[in-house]
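> predicted model follows, preceded by the sequence.
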Amino acid sequence: MRTVLYARSSIKTQEHSIDMQKALALEKVKAEGLLFDDLYLDEAVSARKTEIHERPELSRLVHDIENDLVSTLYVYKRDRLARNVVQSMELFELLRSKQIKVVFTADNEIPIQYSPAGEFFELIIAGFNQREANQIVQRIKETKYTMTKQGKHAQGRVAYGYVVDKDKNYDQHPDQAKTIYKLYDAIIETKCNTFSDFVRDIQQHDCFPAKWDYNRIQSLIGNTIYKGIRKIEEFGEYVEIENERLRIVDELTWSKAQERMNNLIQTRSRKTSRIPMTLDDLLFCGKCNKAMFGKEKTDVSTRKYYTCKKHNYIRLAPDLLEEMILEECAKFITEQFQTYFPELYQLTHGNLIQFYKDSIAESQEAIQLYKQKLYEDTALWLQSPTPDLQDKLFYLHNCIRREEEMQHYYPLELDQLQKQFHLINELQQSVDLITEVLSYKDSEREEFIRDIVYRIEIDTPSLYIQFRDPFKGKAVIVHVGVS
């Protein structure tokens, strides 16, 4: 069993850096006459934005703890491990189940306790840490907003055409600003028929950077900063802040450029009959293994169908195909839920059930200890009655009453969970999921299918649906006949 250190910083320049955390931990571990067997260091990784498995070193630490390779964990503070309630309690449960000794190196961090009261305390602290993280994010947003209103650069890459001085103030870059002006003039005056042609034309001129591609040029022309307006998010909505010093082109020039660019892009889009469909990126041709796509054909009427670029004689009507797949998804989920419901319930409620069982056993032991102590102290009090002993007897009597109440309460909760299990089991067996999903709106149907299906392969007259198995962790392939 090993003694290890975990350290994390959100950014490389953070106040509580990895080096600082390591130094404090080394000082503590040397005082115990020990050495670290392993170091788990996540640098420039946000605990607020990432899941546990997305942090390489924390994920490795969790794996080692689960495999009984760690006995003692040194860490600066709780918030180095997690910044939200769900992850904090998940890690607490793991540490408690393996009885890991946790040593906090920060002087003001309260030690961890593996008890019902300790669990409640961890829940409260996790809530505070999550709230603090959200407040930090809000303060950063407010700072960025204030800097932007003052005409300063808040974060990220400086837009082409500008420079930023040491005080974060924006100013125009003389040469780049001229290039931007030429770009706007070029889009307004172009004789090209499509935006792709315009991009190719721009790439032929030496006055424009060679690395500018379709998306880059489209982004530059559509950026409001060049007419002196910066956009920034405030309280979930984007607001526009005007800054005269940033203006490279006037409002009229900018508007003309948008209109011309949009016309060129629309001209390009009218040349294709491809349209977005529900099964995009899921449906594949069984003959060539290439992705199939939706097309729309208009003559006397408008018809939509799925087809393959190479085998374009394959045409499948979306209504019948999507409804068939929807029904198969509903059947699959129903079968999976009926098969694995006990395991699913155990997964979601197992810890709570075990907590009540453990609490009943612990409470029974506590009653025996309190009663034994009560008998002993009663004998002492009979020989030499004192106020202190009398208070102690009252205290022990109250403890016994409290534990006896718990002995009554916990079995009731266990019984309630058992009834809940049977009720949910009966409900899920009575629900007709196929009828339910067929009543979904188009957007709900697409979301339902994409949550469940990994891949669909068409090789007429056969259809193979590869489902994402939520329990086994591997795909399940179902064969369906189609006409």
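Everything's here; your move.
> would you map the helices across the stretch 301-450 of the chain?
With DSSP state H, counting those that start in this stretch, the ranges of helices along the stretch 301-450 of the chain come out as 318-383, 387-430, 433-438, 442-452.
> can you redo these as CSV with mean pLDDT?
Conversion of those to CSV gives the following (pLDDT from 0 to 100):
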stretch, mean pLDDT
helix 318-383, 83
helix 387-430, 82
helix 433-438, 80
helix 442-452, 87
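> can you list those helices in JSON lines and add distance to residue 71?
For every residue, glycine as well, the C-beta is placed using N, CA and C. Formatted as JSON lines, the helices of the stretch 301-450 of the chain follow (distance: least, CB to CB, whole Å):
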{"stretch": "helix 318-383", "distance to residue 71": "22"}
{"stretch": "helix 387-430", "distance to residue 71": "31"}
{"stretch": "helix 433-438", "distance to residue 71": "48"}
{"stretch": "helix 442-452", "distance to residue 71": "41"}
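> what about the ones you listed, which gets the closest to residue 55?
helix 318-383 (22.8 Å; CB to CB).
> now the closest one against helix 387-430, angle please.
For helix 318-383 against helix 387-430, the angle by axes from the mean of the first three to the mean of the last three CA atoms, to 10 degrees is 160 degrees.
> which elements pack onto helix 318-383?
Applying 3 or more CB pairs under 8 Å, 6 or more residues apart in numbering; DSSP states H and E, one finds that helix 318-383 makes contact with strand 302-307, helix 387-430, helix 433-438, helix 442-452, strand 453-459, strand 462-468, strand 475-481.
> residue 52: what's it in contact with?
Neighbouring residues of residue 52 by CB atoms under 8 Å, 6 or more residues apart in numbering: 58, 59, 62, 82, 87, 90, 91.
> hmm, 7 Å instead?
58, 59, 62, 87, 90 (CB atoms under 7 Å, 6 or more residues apart in numbering).
> and those, which is closest to residue 462?
Closest to residue 462, out of all of the contacts of residue 52 and judged by CB to CB, is residue 59, at 40.5 Å.
> buried ones in the one helix or strand that closest one maps to, by neighbour count?
Under the criterion of DSSP states H and E, residue 59 resides in helix 56-66. Using 16 or more other CB atoms under 10 Å as the burial criterion, the residues of helix 56-66 that qualify are 57, 58, 61, 62, 65.
> among the helices of the stretch 301-450 of the chain, which comes closest to residue 249?
helix 442-452 (39.1 Å).
> tell me which strands and helices that closest one is in contact with?
Judged by 3 or more CB pairs under 7 Å, 6 or more residues apart in numbering; DSSP states H and E, the packing partners of helix 442-452 are helix 318-383.
> the helix it packs on: how far from the chain's middle?
Chain-centre distance of helix 318-383: 26 Å, with CA atoms, centre = their mean, to the nearest Å.
> report the angle between it and strand 462-468.
Using the same axes, to 10 degrees, helix 318-383 lies at 20 degrees relative to strand 462-468.
> neighbours of residue 105, just the number please.
Neighbour count of residue 105, defined by other CB atoms under 10 Å: 22.
> CA atoms only: put stretch 172-181 into PDB for me.
Presented in PDB, the C-alpha positions along stretch 172-181 are these (Å, rounded to 0.1, in the frame of the first residue of the first chain):
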ATOM      1  CA  GLN A 172      -5.500  49.500 -35.300                       C
ATOM      2  CA  HIS A 173      -2.500  47.800 -36.900                       C
ATOM      3  CA  PRO A 174      -1.800  50.100 -39.900                       C
ATOM      4  CA  ASP A 175      -0.900  47.400 -42.500                       C
ATOM      5  CA  GLN A 176      -3.500  44.800 -41.400                       C
ATOM      6  CA  ALA A 177      -6.300  47.400 -41.200                       C
ATOM      7  CA  LYS A 178      -5.600  48.300 -44.900                       C
ATOM      8  CA  THR A 179      -5.800  44.600 -45.800                       C
ATOM      9  CA  ILE A 180      -9.200  44.300 -44.100                       C
ATOM     10  CA  TYR A 181     -10.400  47.400 -45.900                       C
END
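> avg pLDDT for that stretch?
Stretch 172-181 comes out with an average pLDDT of 92.
> what's that stretch in contact with?
160, 161, 162, 163, 207, 208, 220, 226, 248, 249.
> compare those residues and tell me which is most surrounded.
Result: residue 226 is most packed of these (other CB under 10 Å), 26 neighbours.
> tell me the contacts of it?
The neighbours of residue 226, taking CB under 7 Å, 6+ apart as the test, are 161, 180, 248, 249, 254.
> between the residues you listed, which is closest to residue 102?
residue 161 (52.6 Å).
> looks like that closest one contacts residue 248 (just checking).
Yes. Assessed by CB atoms under 7 Å, residue 161 is found in contact with residue 248 at 6.0 Å.
> related to what we said a few turns ago, a markdown table for the buried residues of helix 56-66, including distance to residue 278?
Formatted as a markdown table, the buried residues of helix 56-66 follow (distance: CB to CB, whole Å):
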| residue | distance to residue 278 |
| --- | --- |
| 57 | 41 |
| 58 | 38 |
| 61 | 42 |
| 62 | 38 |
| 65 | 43 |
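> of those residues, closest to residue 100?
Proximity of the buried residues of helix 56-66 to residue 100 (CB to CB) peaks at residue 65, which lies at 6.3 Å.
> same list (the contacts of residue 226) but as CSV, adding distance to residue 98.
Listed next are those as CSV, based on distance: CB to CB, whole Å:
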residue, distance to residue 98
161, 57
180, 60
248, 61
249, 64
254, 62
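> what is the lowest-pLDDT residue among the residues you listed?
Lowest pLDDT of those: residue 161, 89.
> now do the contacts for that residue.
Contacts for residue 161 (CB under 7 Å, 6+ apart) come out as 172, 173, 176, 177, 180, 226, 248.
> surely the fifth one forms part of a helix?
Yes. Using DSSP: H, G, I helix; E, B strand; the rest coil, the secondary structure at residue 180 is a helix.
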